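Novice: generate coordinates for the sequence data below:
(one chain, ligands or ions: 1)
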Amino acid sequence: MSNLTNKNFPDLKNDRLLKAAFGQDVDKVPVWVMRQAGRYLPEFQEIRAKHDFFTVCRTPELACEVTLQPLRRFEDLDASIIFSDILVIPQALGMAVEMHPGVGPVFPEPLKEPSEINSLQEEGAISRLSYVGDAITLTRHKIEGKVPLIGFTGAPFTLMGYMIEGGGSKTMSKTKEWLEKYPKDVHKLLSLLTRVIVDYLVMQVDSGAQLLQVFESSADHLTKELFSEFSANYLKEIRNGVRSKLNDRNLDQVPMRNENSEVVAKVQRGHHPAHVMVGLVSYQGVTKLHFCEKIRTWPALSVHPNNESLKKSLEAAVTKFPMTVFAKGAGHSLDVQAQLGYEVIGLDWTVDPVEARNIVGENITLQGNLDPQDLYKTPDELRKLTIDMVQKFGKFRYIANLGHGITPQTPIESMKVFTQAVHEAL
Ligand SMILES: Cc1c2[nH]c(c1CCC(=O)O)Cc1[nH]c(c(CCC(=O)O)c1C)Cc1[nH]c(c(CCC(=O)O)c1C)Cc1[nH]c(c(C)c1CCC(=O)O)C2
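Specialist: This is a model prediction of the structure:
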């Protein structure tokens, strides 16, 4: 597996997104849009007219080109997201997935019964996904440090739903039947997907992804109880798994610098994968070592109880690759989501910004959540709704976005109005 330190990526010029994810001060609220590369752009349609959807995903030059398209049009975008799809994972496990125009994804042979879980090919799945890594690496170079590049995955429950239903489903009735009838097999499948997802996300970071988003887009089918049982546990396992695998490899001696570029602390890997060592150094060398049993429990914060910005920088250095969980329709479980260890929680448009902040507290960044339908309103109305939203969330720990993906008929002008209004709002 390649090592990210050898890739010589251009320096990042706009780090608003990462700063907001870590709770550091930002000059302006960062903004990006789910599905910002997509069918509402004629230049995307042009590429899709020539190439099948999954061919675009599988061809790094095409995936890179499509990823860059929205950045060329909308100068206010503060992030890019690699062009791919959540369904590349079922493909890598050996299932056929086709994209039918006007219909969406179709699995010609969905899972019909639990015994078929055994024929999924877990081994080698990550190497069959190496084209995503190649697309990420190429894009990180071509983006020239303009904005960070987000990697992503589908979450286990959402992927399982597609694998059982054979495509999108309004009711998810087959999946719900599985939850009732075969809970043991369901957990076996969710665990398998979780293992693959952890390695897939680590591979994306190795390839150059700077923030990772996990899409639990089908959470809207789950009650609070079902969300806890079939989604939240796995989301937590994914966050912990990625954190400990990355810490194991990439944390050696990360220097922390103050405003004068002097090294004030070093973050170092401990002897156990889940441990890190934080050393405060004076100019002569290490003066004090703090051992953190679990990174998130963070006794190292007692290092400098009065220095908020050092705390934040230390946390950023230890975490390094922030993660976002977007569980669409799971606004009923924000309390649960706040316990999963993610730096950022994505909200759909049904959630009130102020209520969400009250529930999750001050240590998590919120992302969202304008109704994508609002992009069909007049520019003046859209600007007003956007400014209202940004003012409700505030500048602290906030990333502006829609509450779900942008839809195909959206007027292009609306993207300009939305992204500009976010930057002008505060
Ligand atoms: C559920 C899901 C899928 N894919 C994805 C999700 C989770 C996010 C969400 O809930 O929207 C994730 C996804 N899919 C796509 C991206 C690209 C990155 C981005 O710009 O955000 C991302 C992040 C491209 C895409 N994925 C797809 C398109 C459009 C297909 C096309 O070009 O023909 C794009 C641009 C196809 C797709 N892929 C999927 C569906 C249901 C569809 C059909 C959607 C539709 O028809 O509107 C599965």
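Novice: isn't Ala155 right up against Gln213?
Specialist: No. Taking Cβ atoms under 8 Å as the definition, Ala155 is not a contact partner of Gln213, at 10.0 Å. All C-beta spots, glycine's among them, are computed from the backbone N, C-alpha and C.
Novice: shared neighbours, those two?
Specialist: A shared contact of Ala155 and Gln213, defined by Cβ atoms under 8 Å, 6 or more residues apart in numbering, is any residue touching both; here these are Val325.
Novice: comparing those two, which residue is more hemmed in?
Specialist: Under the neighbour definition other Cβ atoms under 10 Å, Ala155 and Gln213 were set side by side, and Ala155 has more, 27 against 22.
Novice: and the more buried one, what does it touch?
Specialist: For Ala155, the residues meeting the contact criterion (Cβ under 8 Å, 6+ apart) are Ile197, Val214, Phe215, Glu216, Ser231, Tyr234, Leu235, Ile238, Val325, Ala327.
Novice: for Gly403, what are its contacts?
Specialist: Going by Cβ under 8 Å, 6+ apart, Gly403 touches Leu347, Asp348, Trp349, Thr350, Val351, Gly368, Asn369, Leu370, Asp371, Pro372.
Novice: now those: which count as buried?
Specialist: Of all the contacts of Gly403 considered here, the ones buried according to neighbour count by 16 or more other Cβ atoms under 10 Å are Leu347, Asp348, Trp349, Val351, Gly368, Asn369, Leu370, Asp371, Pro372.
Novice: Serialize these to JSON lines and add fields for distance to the ligand and secondary structure.
Specialist: As requested, the buried ones among the contacts of Gly403 are exported to JSON lines (distance: Cβ to the nearest ligand atom, whole Å; DSSP: H, G, I helix; E, B strand; the rest coil):
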{"residue": "Leu347", "distance to the ligand": "14", "secondary structure": "coil"}
{"residue": "Asp348", "distance to the ligand": "10", "secondary structure": "coil"}
{"residue": "Trp349", "distance to the ligand": "13", "secondary structure": "coil"}
{"residue": "Val351", "distance to the ligand": "16", "secondary structure": "coil"}
{"residue": "Gly368", "distance to the ligand": "13", "secondary structure": "strand"}
{"residue": "Asn369", "distance to the ligand": "14", "secondary structure": "strand"}
{"residue": "Leu370", "distance to the ligand": "15", "secondary structure": "strand"}
{"residue": "Asp371", "distance to the ligand": "14", "secondary structure": "coil"}
{"residue": "Pro372", "distance to the ligand": "10", "secondary structure": "helix"}
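Novice: coming back round to it: now, the most widely separated pair of the contacts of Gly403?
Specialist: The distance between the two most remote of those (Cβ to Cβ) is 14.5 Å, for Val351 and Pro372.
Novice: in the stretch 201-350 of the chain, what residue is nearest the ligand?
Specialist: Nearest residue of the stretch 201-350 of the chain to the ligand: Ser217, at 3.0 Å (Cβ to the nearest ligand atom).
Novice: pLDDT value on that residue, please?
Specialist: What the model reports for Ser217 is a pLDDT of 98.
Novice: tell me the phi and psi of it?
Specialist: phi -70, psi -20 (degrees, to the nearest 10).
Novice: and if you look at Glu98?
Specialist: phi -120, psi 150.
Novice: what bridges to it?
Specialist: For Glu98, the beta-bridge assignment (DSSP bridges) gives partners Val106.
Novice: these two touch, right, Leu246 and Gln204?
Specialist: No. Contact between Leu246 and Gln204 fails when scored by Cβ under 8 Å: they sit 10.8 Å apart.
Novice: between those two, which is the more surrounded one?
Specialist: Per other Cβ under 10 Å, whichever of Leu246 and Gln204 has more neighbours is Gln204, with 27 against 20.
Novice: show me what from this protein comes close to the ligand.
Specialist: Residues of the chain found near the ligand, taking Cβ under 6 Å from any ligand atom as the criterion, are 34-39, 48, 53, 81, 83, 85-87, 99, 101, 104-105, 152, 168, 215, 217, 405.
Novice: which residue is the nearest non-sequential neighbour of the closest residue to the ligand within the stretch 301-426 of the chain?
Specialist: As assessed by Cβ to the nearest ligand atom, the ligand sits closest to Gly405 within the stretch 301-426 of the chain, at 4.1 Å. Leaving aside its sequence neighbours, Gly405 sits nearest to Arg35 (Cβ to Cβ, 6 or more residues apart in numbering; 3.4 Å).
Novice: surely that neighbour touches Ile406?
Specialist: Yes. With contact taken as Cβ under 8 Å, Arg35 and Ile406 are classed as touching, separated by 4.9 Å.
Novice: ok, these two, which is more surrounded?
Specialist: For Arg35 and Ile406, the more surrounded residue by other Cβ under 10 Å is Ile406, and the numbers stand at 23 against 18.
Novice: pLDDT score assigned to that one?
Specialist: Predicted confidence (pLDDT) for Ile406: 98.
Novice: next up, the contacts around Ile364.
Specialist: Under the criterion of Cβ under 8 Å, 6+ apart, the neighbours of Ile364 are Ala338, Tyr342, Glu343, Val344, Ile345, Arg397.
Novice: in helices, which of those fall?
Specialist: With helices identified by DSSP state H, none of the entries of the contacts of Ile364 belong to them.
Novice: okay, those in a markdown table with pLDDT and neighbour count next?
Specialist: Formatted as a markdown table, these follow (pLDDT from 0 to 100; neighbours: other Cβ atoms under 10 Å):
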| residue | pLDDT | neighbour count |
| --- | --- | --- |
| Ala338 | 98 | 17 |
| Tyr342 | 97 | 25 |
| Glu343 | 96 | 24 |
| Val344 | 98 | 24 |
| Ile345 | 98 | 23 |
| Arg397 | 97 | 24 |
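Novice: Arg383: which of those residues is nearest?
Specialist: Closest to Arg383 out of the contacts of Ile364 is Arg397 (23.6 Å), distances taken as Cβ to Cβ.
Novice: nearest spatial neighbour of the closest one, skipping sequence neighbours?
Specialist: Thr365 (4.1 Å).
Novice: ok, that neighbour - how many residues close by?
Specialist: Residues within reach of Thr365, counting by other Cβ under 10 Å, total 24.
Novice: over to Lys13?
Specialist: 11.
Novice: how close does the closest residue to it other than its chain neighbours get to the ligand?
Specialist: Closest residue in space to Lys13, ignoring its immediate chain neighbours: Gly145 at 4.9 Å, by Cβ to Cβ, 6+ apart. Counting by Cβ to the nearest ligand atom, to the nearest Å, the separation of Gly145 from the ligand is 20 Å.
Novice: thank you, goodbye.
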